[in-house]
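J.: coordinates for the following, if possible.
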Amino acid sequence: MRGYDIPKLYWRKIGEDKYEVVDGQQRLNAIWSFMSNEFDLGKDMDQIDGVDMSNLKYSKEKALPSKLRRSFDIYPLDIVIIEADEEEVREMFLRLQNGTSLNAQEKRNAMSGNMRNFVKTIAKHKFFDSCKRKNTRYVFEQIVAQMTKLEINGGPCSIKNGDLNKMYAENTGFDEKGRKAKKIKRTLDFLYSCFPQKTPELEWSAVITLYMIFSSLLDKYVITEKKTELNNWFIEFEEYRRGEVVKFREEEECDPEILHYETLVSHSTDSVESVKGRYEFLFRHLLEYMPELELKDNNRLFSEEQRRAIYRKYNGICQIKIKCNGEKCDWGNWHADHIKPWSKGGKTTVENGQVSCPACNAAKGANN
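T.: Residues are numbered from 1 along each chain as shown. Reported below is the predicted structural model:
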């Protein structure tokens, strides 16, 4: 109505008199909504040709004067019709949006290749319906991309946007039916079996950490019948964590390890330090809560996560006391020992593990 320029609209022809909007959807929606009298011009609208425009609608109640409505109706829109394949349209969309508020995952979603297709497919997994947040602005795809990066790396790593962009670029031929892809789906299937209902405790930083833990559990531990216990562990941990945070805010004595964990879930959550720190802390907490968890295939060696839990359980103090009187062992100089020997049917669990100094461990081995 003021004669101002409206930027070009870009449409892609997909059939006879049928188009999809590549760029300009918000402009079109605004025009159609106004013509349908879904909103008025607002009380602060400036006059046009001496006409008070405040709160005017298109054609009912306080309607536009006929002269202004005609100028609205005959305003010419510049429309560019595109006849191109989907990949070219995605590239054009990125170029048109350059400098606007597209987030990193929205840009990755416009990239071509199998990685993008895989992430989009897995983002529809029913586990995400159990999580707290909704899928606004491709947030599920962002989480799946981070999970995929962790799985490809084989453990904790940086999952910043730059790392994900590089992953997309280097894995355009990603095997959507390969071993890594199957492992991601299997882990999400198991997560869903443990959390089949909406679970408000499943914040995104927790989801990423749980994914890493459950991925490791599926590889190393016997957990098929532990779904209820795993659910209870996480809910109880979150309740304990929130309680300790309340104590801190009220200046009461609280668990310092929880405060450190709170820092890890609040700042730079995609850095390798935060990802690794959350994983190690929460995995140790799980093994302390479920010390009977057994390694698969009757593995004789304790896992790194089990060793960490055993060391903390005994504060690094030797429990055998054959060659020492219970000395404190440094982290780099101790052995995780089976209380009931593995050779006599002892299980490789935190519950059956203890700290031993190297001298006592050697003496016990000689006696056995």
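J.: contacting residues for the most far-flung residue of the chain relative to its centre?
T.: Relative to the centre of the chain, and counting by CA atoms, centre = their mean, the farthest-placed residue is residue 50 at 54.7 Å. Residue 50 makes no contacts at all, as judged by CB atoms under 8 Å, 6 or more residues apart in numbering. In this view, the C-beta of every residue, glycine as well, is placed from N, C-alpha and C.
J.: how near is it to residue 68?
T.: 11 Å (CB to CB, to the nearest Å).
J.: could you do residue 112 as well?
T.: 46 Å.
J.: more crowded one of the two?
T.: Neighbours were counted for residue 112 and for residue 68 using other CB atoms under 10 Å; residue 68 has more, 17 against 14.
J.: give me the below-cutoff pLDDT ranges for this structure.
T.: Along the chain, segments meeting pLDDT under 70 span 84-85, 87-88, 91-92, 95-102, 110, 366-368.
J.: any idea which helix is longest in this structure?
T.: Secondary structure of the chain read by DSSP state H shows that its longest helix is helix 227-249.
J.: all helices for the protein, in order.
T.: Using DSSP H, helices in the chain cover 25-35, 66-73, 86-97, 104-109, 114-122, 139-153, 161-170, 179-194, 204-220, 227-249, 256-264, 272-289, 304-313, 358-367.
J.: could these go into JSON lines alongside distance to residue 18?
T.: Putting the helices of the chain into JSON lines (distance: least, CB to CB, whole Å) gives the following:
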{"stretch": "helix 25-35", "distance to residue 18": "15"}
{"stretch": "helix 66-73", "distance to residue 18": "24"}
{"stretch": "helix 86-97", "distance to residue 18": "15"}
{"stretch": "helix 104-109", "distance to residue 18": "24"}
{"stretch": "helix 114-122", "distance to residue 18": "24"}
{"stretch": "helix 139-153", "distance to residue 18": "28"}
{"stretch": "helix 161-170", "distance to residue 18": "31"}
{"stretch": "helix 179-194", "distance to residue 18": "35"}
{"stretch": "helix 204-220", "distance to residue 18": "38"}
{"stretch": "helix 227-249", "distance to residue 18": "48"}
{"stretch": "helix 256-264", "distance to residue 18": "51"}
{"stretch": "helix 272-289", "distance to residue 18": "46"}
{"stretch": "helix 304-313", "distance to residue 18": "56"}
{"stretch": "helix 358-367", "distance to residue 18": "76"}
